[in-house]
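A.B. asks: Let me see the structure of the following:
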Amino acid sequence: MGFFSFLTKKDEKRLMQERRDFLIKSGRICDGVIIDSETDENGNEIVIYHYNIHGVEFESSEILTEEQMKNSIKYAPGASVGVRFDPKNHGNSILV
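C.D. replies: The predicted model follows:
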């Protein structure tokens, strides 16, 4: 891994945390359902979920945090979950 790759990974993690912090602080909550889950080549658990806002269906995916993975049954396919979304950009969301 080169120096640039190291910086890129660090920037991606920082940006993701800033996005999560923003949605936790300013986002609205709605109900969602887990559609599927998979493990990537790095061992990250990725869940795919959908949610509905004002009659519009949205679909997204998220890498589970370490804390979320402690309760992985909560994120199994078919499970109902809380979704926090940006009221100005409904496609920007995270699992609660």
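
A.B. asks: helix/strand/coil for the residue nearest to F85 when sequence neighbours are not counted?
C.D. replies: Spatial nearest neighbour of F85, excluding adjacent residues (Cβ to Cβ, 6 or more residues apart in numbering): S93 at 4.1 Å. All C-beta atoms are positioned from the backbone trio N, CA, C, and that covers glycine. Assigned by DSSP: H, G, I helix; E, B strand; the rest coil, the conformation of S93 is strand.

A.B. asks: neighbours around S93, how many?
C.D. replies: Using other Cβ atoms under 10 Å, S93 has 25 other residues around it.

A.B. asks: got it, and H90?
C.D. replies: 16.

A.B. asks: so it touches E59, yeah?
C.D. replies: No: here H90 does not reach E59: they are 11.7 Å apart, not a contact under Cβ atoms under 8 Å.

A.B. asks: returning to what we had before: would you mind stating the distance between the residue nearest to F85 and C30?
C.D. replies: 9 Å (Cβ to Cβ, to the nearest Å).

A.B. asks: Give me the common contacts of those two.
C.D. replies: The contact sets of S93 and C30 overlap at 51, 83, 85 (Cβ atoms under 8 Å, 6 or more residues apart in numbering).
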